[in-house]
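Undergrad: Sharing a model prediction with you, sequence too.
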Amino acid sequence: SWVNQHPDRFVALTSVALQFPELAAEQLEYAVNELGARGASVGGTVLGESNAIPKYDPFWAKAEELGVPVFMHPTNSEQVLREGGLPAIGNQGNIIGNPLETTVFLSNMIFEGVFDRFPALKVCGAHGAGYLASYFGRTEVACARANANCQNQRRPSAYLRDNILADSMVFSTEALRHLVAEMGVSQVVYGSDQPFLWPDTMDLIVGANFLNESDKEAILGGNLRRLLRIEG
């Protein structure tokens, strides 16, 4: 209703019952085709189970078929770490747990071969895609090591510059520069995390001397307009 009242300002993502993959696929199709949703939002796991295993392929297949992105937002690593594993001081479940969960999710999507089974799939990881791009060298060589059991058919960097996107919630000029260097301008989109009390990143992008004007326009809106099929 809110989106319909303000079509010039908002588009919506849907939330699906991913614990039931076939139902989730039906929910996504209904949301996109009947309600006008432009994609879906999921968590980092399905009640602690990796959502990159083949069990969840019906959902990923439907997202690819419909040509809509999936946005992943974490839940403080509650299903990734043992209870109480991150100290309460400094809100480390959020500060460390959220980007950690996103990193694990995206790594699973790569190593479980989801992007090989669905090569047109686009997935955006919240908070700068977690820690993935920050220390990507280890990910890039992981599958060459003994007993890695990777299912991916391409080097991890191929997915980082194609299937995976990240929002701009990294808070510093150097972090943004590194994110763009690892992923490419086309894979970074503006994020705000409003209404929560986090620094806004719009000025960070506008003032970035390593981006030209077209790069800034792409990150601030162009990439999302294309991804979410926003006209005008």
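TA: Here it is on my side, so go on.
Undergrad: Report all helices and strands that the lengthiest helix in the chain contacts.
TA: When the chain is parsed with DSSP state H, its longest helix is helix 97-111. Packing partners of helix 97-111 (3 or more CB pairs under 8 Å, 6 or more residues apart in numbering; DSSP states H and E): strand 70-72, strand 123-125, helix 126-129, helix 136-142, helix 156-160, strand 164-167. For every residue, glycine as well, the C-beta is placed using N, CA and C.
Undergrad: check which helix or strand covers the residue of the chain positioned farthest from its centre.
TA: Each residue of the chain has a distance to the centre, and by CA atoms, centre = their mean the biggest one is for A146: 28.6 Å. Per DSSP states H and E: A146 is located in neither a helix nor a strand.
Undergrad: distance of it from F196?
TA: 43 Å (CB to CB, to the nearest Å).
Undergrad: In a markdown table: the helices and strands packed on helix 97-111, plus distance to E174.
TA: Output for the helices and strands packed on helix 97-111, formatted as a markdown table (distance: least, CB to CB, whole Å):
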| stretch | distance to E174 |
| --- | --- |
| strand 70-72 | 24 |
| strand 123-125 | 19 |
| helix 126-129 | 12 |
| helix 136-142 | 15 |
| helix 156-160 | 19 |
| strand 164-167 | 15 |
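Undergrad: T14: which of the ones you listed is closest?
TA: Closest to T14 of the helices and strands packed on helix 97-111, according to CB to CB: strand 70-72, at 10.1 Å.
Undergrad: Show me what the closest one is packed up against.
TA: Packed against strand 70-72 by the contact rule (3+ CB pairs under 8 Å, 6+ apart) you find strand 40-42, helix 97-111, strand 123-125.
Undergrad: thought V206 was touching K216?
TA: Yes - using CB atoms under 8 Å, V206 makes contact with K216 at a distance of 6.2 Å.
Undergrad: So between the two, which is more surrounded?
TA: Neighbours per residue (other CB atoms under 10 Å) separate V206 from K216, with K216 holding more: 18 against 12.
Undergrad: If you drop the residues flanking it in sequence, what lies closest to G128?
TA: The shortest distance from G128 to any non-neighbouring residue, by CB to CB, 6 or more residues apart in numbering, is to V170 (4.0 Å).
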